[in-house]
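Novice: When you get a sec, could you give me coordinates for this:
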Amino acid sequence: MRLPILRKNKGFTLIEVMVALGIITVALLGLLEVINIAMIYNLNSQLREEATNLGQKYMDDFKDMGCSNIPAPVTYPTISTATKIRGANNKLMVDRSATSLGSNTTQLQVVVTWRIKGVTYTNNVTSVCSQ
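Specialist: All right, here's what the predicted structure looks like:
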């Protein structure tokens, strides 16, 4: 006499487990991409803050010279400044210029440029001084 085989359908089949793992993998890959984008935006924000501080420093140097001591028009040589943010070496390029707007008025401009992932960003600091 044979005993009846009791089938208990408890648990998951191998196919169900594989499909669930596939869905979880796709979701995690999407989450990793979001984290990567957030890190790039954060790095760009930190570099923009560094560029703003650097631009303001060079503008203050301009103003410390005194408006009458700044020849206009003049373009100064580009300054390359290395900065280390989150362990990565980044290069900020600083361009300074002075342009005459009239007999006693000079426009001072500092442009700080940097690159992230092949995209160039700039920060401009402009001021006007009169004698």
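
Novice: all helices of this protein, in order?
Specialist: 14-65 (DSSP state H).

Novice: Next, work out how far apart the residue nearest the centre of the chain and residue 116 are.
Specialist: Centroid check for the chain by Cα atoms, centre = their mean gives residue 44 as the closest residue, at 1.1 Å. According to Cβ to Cβ, to the nearest Å, residue 44 stands 5 Å off from residue 116. To be clear about C-beta, it is placed using only N, CA and C from the backbone, and glycine gets the same treatment.

Novice: got it, and residue 62?
Specialist: Counting by Cβ to Cβ - residue 62 and residue 116 are separated by 27 Å.

Novice: so where's this structure shaky on pLDDT?
Specialist: 1, 3-9 (pLDDT under 70).

Novice: what about stretch 104-124, distance to the chain center?
Specialist: 14 Å (Cα atoms, centre = their mean, to the nearest Å).

Novice: what comes up buried for it?
Specialist: 106-114, 123 (16 or more other Cβ atoms under 10 Å).

Novice: Among those residues, which lie within strands?
Specialist: Among those, DSSP state E puts 106-114, 123 in strands.

Novice: Of these, which pair is most distant in space?
Specialist: 106 and 114 (26.6 Å; Cβ to Cβ).

Novice: Contact partners for the closest residue to residue 50 other than its chain neighbours?
Specialist: Using Cβ to Cβ, 6 or more residues apart in numbering and skipping residues adjacent in sequence, the residue nearest residue 50 is residue 83, 5.4 Å away. Taking Cβ atoms under 8 Å, 6 or more residues apart in numbering, we find residue 83 in contact with 47, 50, 89-92.

Novice: repeat for residue 51
Specialist: 92, 112, 114, 121, 123.

Novice: picking up where we left off before, how much space between the residue nearest to the centre of the chain and residue 129?
Specialist: From residue 44 to residue 129 the distance is 31 Å (Cβ to Cβ).
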